[in-house]
Structure formats: C-alpha cells, structure tokens
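In: from the sequence below, what's the structure:
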Amino acid sequence: MATGREVGTMDATELTERMLDRERAANVRKHWVRLVTACNSRCVFCLDTDTPRNVYLLEPDVRQEIKRGRDELNADKIILSGGEGSIHPKFIDFVRYAREIGYSRVQTVTNGYMFSKRDFYRAAVEAGLGEITFSLHGHTPELHDRLTGTPGAFHKLMKGMMRAVRDGR
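Out: Numbers count the residues shown, from 1 in each chain. The predicted structure follows:
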C-alpha cells in the first residue's frame, strides 16, 4: 500500500549515534535554583499559595546554591526560577555568576513580564542567559489574563517572547 512517503535506509551506526546524541542532550545535568517565592502575577492555579509570598532569597544563599550545583552536582545547565525569578533584584548578577563559574547553559522559566522590557532583556542576554521558557496559559489575551489574574499579562508575555524569538533564544 503506497502512502506517498518515501522509505529510506540508514546505516545502523549512524542511527545509533543520532539516538545517543539525543539521549545525551536530554540527560543534561540540570540544577534548579529558586530565587524567590514572589511573583508579579496572581495565577488562579498557583501551587505556591501555601508558601510565604514575596520572599526574595538572600544573595549569598543563592550564590552558594548556584555554586553547589557546579561543585557537588557537576551540573552544566542551571535553571533560575521562582515564583518569578526575573523579579529578583540580583537576577542579572546571578545569570552572570552562573556563566562565570562554568555553567554552559543558563535558563529561566518566566511569565515574560520583565523580558518585555528591552533593557532588561538585553542585560540578561549579555550576562549569559541562553534559554527562556515562557509560560503561556491561554490561547487568547482574555483567557491568559484571567488565568494569571493579571490584566495585560498576555501582551507583555508576547512582547517578551517575540523579542526572544527574533533574537534566536
């Protein structure tokens, strides 16, 4: 039965190497570091409702945890999170520090608000932020804003996301 798709062949060694490359990429040693419990959204589904709000971890404690990931866990990727990690006043410094001590990849998970600001985005990238995971919670502005409890959140997220897409992040 013809499907209209060509069936090709591949050398078993090449196939094995491709699969191993994907597995290696998927098994990158990651270290999650939470910078804050604070957030600039009020998501209806937030799992942090039972933690103290508006807590910013102290800079020495965060630096120690970032370093522990390299020294003890041998992580090569760090994910800075929160709450909304990008609102920590030392966020850019933490990104820079992570790169300085040897993390090959620095990522954050964000609602996008801070990255809608050109100067903040540029400073984060210049400090070494290589990956940005944007949290999109609705396919329309109305739904996203309602779920995040933040009027205008969809617009800010899209602005930050488009900035990152144009920049290849």
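
In: chain neighbours aside, what residue packs nearest to R29?
Out: The shortest distance from R29 to any non-neighbouring residue, by C-beta to C-beta, 6 or more residues apart in numbering, is to A75 (4.4 Å). Placement of C-beta: from N, CA and C, glycine included.

In: ok, that neighbour touching E65?
Out: No: in this structure, A75 is not within contact of E65 by C-beta atoms under 8 Å, at 11.0 Å.

In: need the contact list for A75.
Out: Applying C-beta atoms under 8 Å, 6 or more residues apart in numbering, one finds that A75 lies in contact with 29-31, 69, 103.

In: ok, then the element right after the helix or strand hosting E14?
Out: Using DSSP states H and E, E14 sits in helix 12-26. On the C-terminal side of helix 12-26, the closest following helix or strand by DSSP H and E is strand 30-34.

In: got the contact list for that following strand?
Out: Strand 30-34 is touched from outside by 57, 62, 65-66, 68-70, 73, 75, 77-83, 85, 94, with contacts defined as C-beta under 8 Å, 6+ apart.

In: over to stretch 107-115?
Out: With contacts defined as C-beta under 8 Å, 6+ apart, stretch 107-115 is touched by 39-41, 77-81, 84-87, 91, 95, 120-121, 124, 129-135, 148, 150, 153, 156-161, 163-164.

In: go through those residues and flag which are in helices.
Out: Among the contacts of stretch 107-115, the ones falling in helices (DSSP state H) are 91, 95, 120-121, 124, 148, 153, 156-161, 163-164.

In: most widely separated two among the residues you listed?
Out: Greatest spatial distance among the ones in helices among the contacts of stretch 107-115 (C-beta to C-beta): V95 and T148, at 24.0 Å.

In: now, which of the contacts of A75 sits nearest R169?
Out: In terms of C-beta to C-beta, no member of those lies closer to R169 than Y103, at 16.2 Å.

In: what sits against that closest one?
Out: The contact partners of Y103, by C-beta under 8 Å, 6+ apart, come to 66, 69-70, 75-78.
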